[in-house]
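Enquirer: coordinates only, sequence not included:
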């Protein structure tokens with residue numbers, strides 16, 4: 001029946017929006033009474049239950065929605081594994097296995113169309129496609145409200161394409177109308193309710209829905225125009241944007257910049273991107289109907305993107321915000337960082353050592369900030385630190401980008417080497433705890449040769465329980481002046497937090513992999529790479545098996561800083 005797509009949209013919108021509104025208000029009333037885990041259950045269960053309620057209402061009216069068992073079964077599985085605390089790689093693996101099982105028993109298939117004939121691809125390629133789309137939307141959800149707007153634009157493009165150009169069956173339109181109602185509901189709620197935000201797991205679910213519908217029946221005919229092309233243009237926009245701001249950052253660090261930043265409205269920026277992607281998608285669908293090839297469509301899309309940028313320049317008017325220079329502490333994503341140069345940090349540490357005071361110093365980088373945002377206990381530990389050092393170039397970049405520039409990057413390994421090479425007092429006692437076996441002892445031998453009176457005790461990170469307990473007692477009895485902990489973050493910060501209150505004096509510093517560099521086991525990248533702020537890039541490619549996850553965390557950090565810069569709606 002012709003009214004079914006409209007009814008699917010109305011019922012989906014009413015059930016999703018109504019339940020989301022009730023759950024949101026309930027959450028605001030009980031958030032101080034419930035524990036963190038209970039809040040997560042309430043939120044994720046309501047999101048899944050809104051789909052169940054929508055399907056029940058649609059069934060009640062006799063409306064068939066393709067793949068509704070697939071959506072509910074996989075959605076339930078997704079809800080469970082997103083709630084259970086586990087490693088990211090385990091969760092990633094479970095998603096891949098679940099999609100493989102889904103592919104085996106549901107009859108789903110993906111392929112490419114040549115001369116209006118579908119040529120299926122292997123299940124392995126199909127699973128990769130789903131995973132890429134899911135995690136793409138997951139990372140977009142870091143941009144508050146952005147993933148849902150893109151979800152709405154893509155769904156609307158599909159709807160217009162299949163409704164007015166392809167001509168499809170009623171069940172396919174019902175499914176698309178239902179997804180359009182969900183995307184519109186989420187998009188609308190994030191516009192009108194400031195605190196209504198979908199998290200990354202819900203972003204993955206939106207990506208699953210998009211991937212599922214994009215391979216359904218005739219929608220594959222406009223797969224390129226409605227999905228791949230908008231995503232590609234979005235990636236081009238992001239790449240160009242961050243290139244321009246990296247260039248701006250380089251100028252600022254060389255003191256070749258104005259004393260202000262330009263701040264744009266989040267609403268204006270998001271609306272501009274939505275309009276660009278939606279227009280390009282519709283033009284591409286129209287060109288397809290005229291028989292224009294994909295290469296020509298891509299070229300015309302890029303030209304249209306440039307033209308639309310110039311058209312909207314007057315629309316995207318930002319306001320100039322003066323830089324806040326010489327702030328004692330700079331806030332980066334809710335965490336305060338000390339605004340000190342190398343010698344300012346050194347003076348703080350040396351003063352604490354000479355005066356027999358206690359000091360907890362954190363050598364902060366973007367990955368540590370992202371870990372803190374995902375773990376409230378870790379963020380509290382960071383906030384307890386008496387000295388937060390901007391160790392990562394990303395932290396310094398973020399400070400410039402947000403208009404409160406830090407003095408400079410202060411590498412923790414350079415601070416440690418300077419203190420060990422220039423002991424601040426005669427009876428200087430140092431503890432080296434962590435790293436692999438033999439590395440701390442190697443450092444001890446080298447510095448004992450230089451400074452025979454220097455007292456250094458060592459214990460590697462692979463010690464047993466009794467050795468670590470003995471070390472705890474020794475810290476309290478001996479009273480070290482400098483305690484360097486190389487257990488890696490966040491383990492080293494958690495260990496320091498436990499021991500700090502039980503000691504009378506000492507400077508505690510979490511130093512990560514600094515022991516490897518100080519001992520000569522590993523070498524730092526050359527000065528040219530350091531000067532351009534690309535040391536992190538070298539590390540990721542030098543140890544991809546260890547740092548791949550950090551690469552994605554850096555991407556999330558950049559997206560969050562981008563949102564922090566934009567003015568609220």
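Expert: Yes, it's here. Owing to the predicted nature of the structure, the values given are computational and were not obtained by experimental measurement.
Enquirer: From now on I want contacts and neighbour counts done on CA atoms only, so please keep to that.
Expert: Noted.
Enquirer: Can you pull the poorly scored residue ranges out of the stretch 51-200 of the chain?
Expert: 107-121, 142-145, 165-169, 189-197 (pLDDT under 70).
Enquirer: just to confirm, which helix or strand has residue 320 in it?
Expert: Per DSSP states H and E, residue 320 falls inside strand 319-322.
Enquirer: Check which helices and strands that strand is in contact with.
Expert: Applying 3 or more Cα pairs under 8 Å, 6 or more residues apart in numbering; DSSP states H and E, we find strand 319-322 packed against strand 260-263.
Enquirer: Starting from the strand it packs on, tell me which strands it pairs with and how they run.
Expert: In the sheet containing strand 260-263, the strands it pairs with under DSSP bridges are strand 319-322 (antiparallel).
Enquirer: Past the strand it pairs with, which element shows up next along the chain?
Expert: Per DSSP H and E, the first helix or strand lying C-terminal to strand 319-322 is strand 329-332.
Enquirer: The stretch 251-400 of the chain: strands as residue ranges?
Expert: Taking DSSP state E, counting those that start in this stretch, the strands of the stretch 251-400 of the chain run over residues 260-263, 319-322, 329-332, 335-338, 358-364, 387-390.
Enquirer: most packed of the ones you listed?
Expert: For the strands of the stretch 251-400 of the chain, average neighbour numbers computed from mean count of other Cα atoms under 10 Å are highest in strand 387-390, which has a mean of 25.
Enquirer: Does anything pack onto it? Which helices or strands?
Expert: Using 3+ Cα pairs under 8 Å, 6+ apart, strand 387-390 sits against strand 335-338, strand 358-364.
Enquirer: contact partners of it?
Expert: With contacts defined as Cα atoms under 8 Å, 6 or more residues apart in numbering, strand 387-390 is touched by 336-338, 340, 345, 359-365, 382, 396, 408-412.
Enquirer: at 7 Å instead, please
Expert: Contacts of strand 387-390 with the rest of the structure, by Cα atoms under 7 Å, 6 or more residues apart in numbering, involve 337, 338, 360, 361, 362, 363, 364, 365, 396, 409, 410.
Enquirer: Flag the shaky bits of the stretch 251-400 of the chain, pLDDT-wise.
Expert: When residues are selected by pLDDT under 70, those of the stretch 251-400 of the chain lie in 251-258, 312-316.
Enquirer: repeat that for 50
Expert: Low-confidence segments of the stretch 251-400 of the chain (pLDDT under 50): 256.
Enquirer: Show me where it has its helices.
Expert: Shown for the stretch 251-400 of the chain, the helices assigned by DSSP state H, counting those that start in this stretch span residues 266-289, 294-311, 342-354, 366-374, 376-384, 393-401.
Enquirer: Highest mean neighbour count out of the ones you listed?
Expert: For the helices of the stretch 251-400 of the chain, the largest average neighbour count (mean count of other Cα under 10 Å) is found in helix 393-401, namely a mean of 24.
Enquirer: Give me the angle between it and strand 358-364.
Expert: The directions of helix 393-401 and strand 358-364 differ by 80 degrees, with axes from the mean of the first three to the mean of the last three Cα atoms, to 10 degrees as the criterion.
Enquirer: could the helices of the stretch 251-400 of the chain go into CSV alongside distance to residue 419?
Expert: Formatted as CSV, the entries for the helices of the stretch 251-400 of the chain read as follows, by distance: least, Cα to Cα, whole Å:
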stretch, distance to residue 419
helix 266-289, 45
helix 294-311, 52
helix 342-354, 8
helix 366-374, 24
helix 376-384, 23
helix 393-401, 22
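Enquirer: Off-centre distance for stretch 271-290?
Expert: Once both centres are worked out by Cα atoms, centre = their mean, to the nearest Å, stretch 271-290 turns out to sit 28 Å from its chain's centre.
Enquirer: Contacts for that stretch next, please.
Expert: For stretch 271-290, with Cα under 7 Å, 6+ apart as the criterion, the contacting residues are 150, 153, 157, 161, 222, 225, 226, 229, 230, 297, 301, 305.
Enquirer: Looking at the record's assignment, how would you partition the chain?
Expert: Structural domains annotated on the chain: 4-228, 329-565, as defined by automatic domain parsing.
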